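Student: Sequence first, then the predicted structure, then my questions.
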Amino acid sequence: MTSVSEGRFRSSSVPLITHGPSRTTLRADDGVLIEAVYDPCTGDGAARAGAGGATTAIVVAHGFTGSADRPAVRRAAEVFSQRAAVVTFSFRGHGRSGGRSTVGDREVLDLAAAVAWARSLGHTRIVTAGFSMGGSVVLRHGALYTAPGAAGEPGGRTEAHGEAHADAVVSVSAPARWYYRGTAPMRRLHWMVTRPTGRIVGRYGFRTRIDRNDWDPVPLSPVEAAGRIAPAPLLIVHGDQDPYFPLDHPRMLADAAGGAADLWLEPGMGHAENAADETLLTRIADWAMTR
């Protein structure tokens, strides 16, 4: 991974702290073009100022087969925008973005581009909020992308990426470990990702273009990443009716954070952004604004 480069915000004409919704195309550090949407804060001046009076933006990372324009993502953006500005985007291989999905690996570059764009618009505090695959991506991003001047640790947060870092992280319905096949939905997902026929189903049935190559190397796991995010605040949210990942996943993530994370186990909640109702999204936004 390289530092944020000039020319990343292709076709963007958004002024600092813009006052209307805007779309742009971002360029990830490996050259993949990423569609992104900016929604300004609709709350009052007090709501726009987060912890310490900083002007906050929440960057939303959707789940696998989602996109910036999916109804559940737009619902999250609408609720979050009552507290802060919001950036949504489509991961590579999804929506109008280019490239192919690597199911959580190189997607960290897409998130970094979106975070850097939010800072370029004048926001001085960024909170990343990811769902499912996006939840694993925000964990890895939080571990790998540090604030300017942050000291690297052996095997830990060793890469400083300037304006691409997050100040707080929210991970919703994320796995704790890779290659999990313990539930029927995850076995179906692995079939779609690893089999040629499955990738055809992904492309035409779910409008998701999936890379055929295996991970090489295998990226930092979510549970390893969770232990490397501090001192940035971390919130882990998971439903007790999640059909993809049982409750040992969020508990492993919280344990890995060594007591530095807030853990919300939500009664009756299913999986990811589709299961996050307005009440939960509002609570997440309130957490984001006060940490």
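Tutor: Perfect, I can see it now.
Student: Next, the buried residues of the stretch of helix or strand residue 73 belongs to.
Tutor: Residue 73 is located in helix 71-80, with elements delineated by DSSP states H and E. Applying a neighbour-count criterion of 16 or more other C-beta atoms under 10 Å, one finds 72-77, 79-80 buried in helix 71-80. Placement of C-beta: from N, CA and C, glycine included.
Student: what do you get for stretch 77-92?
Tutor: Buried-residue list, stretch 77-92, by 16+ other C-beta under 10 Å: 77, 79-92.
Student: how far away is residue 235 from residue 25?
Tutor: To residue 25, residue 235 is 30 Å away according to C-beta to C-beta, to the nearest Å.
Student: of these two, who's got more company?
Tutor: The neighbour comparison of residue 235 against residue 25 (other C-beta atoms under 10 Å) goes to residue 235, with 20 against 17.
Student: Confirm the more buried one sits in a strand?
Tutor: Yes - the assignment for residue 235 by DSSP: H, G, I helix; E, B strand; the rest coil puts it in a strand.
Student: Report the contact partners of it.
Tutor: With contact set as C-beta atoms under 8 Å, 6 or more residues apart in numbering, residue 235 has these partners: 168-171, 261-262, 264, 284, 287-288, 291.
Student: Give the residue farthest from the middle of the chain.
Tutor: residue 197 (28.1 Å; C-alpha atoms, centre = their mean).
Student: I'd like the average pLDDT over whichever strand or helix holds that residue.
Tutor: Applying DSSP H and E as the criterion places residue 197 in helix 196-205. The average pLDDT within helix 196-205 is 97.
Student: which parts of it are buried?
Tutor: By neighbour count on 16+ other C-beta under 10 Å, the buried set for helix 196-205 is 198-199, 201-202.
Student: follow-up on the earlier one: just the buried members of the contacts of residue 235?
Tutor: Buried, going by 16+ other C-beta under 10 Å: 168-171, 261, 264, 284, 287-288, 291, out of these.
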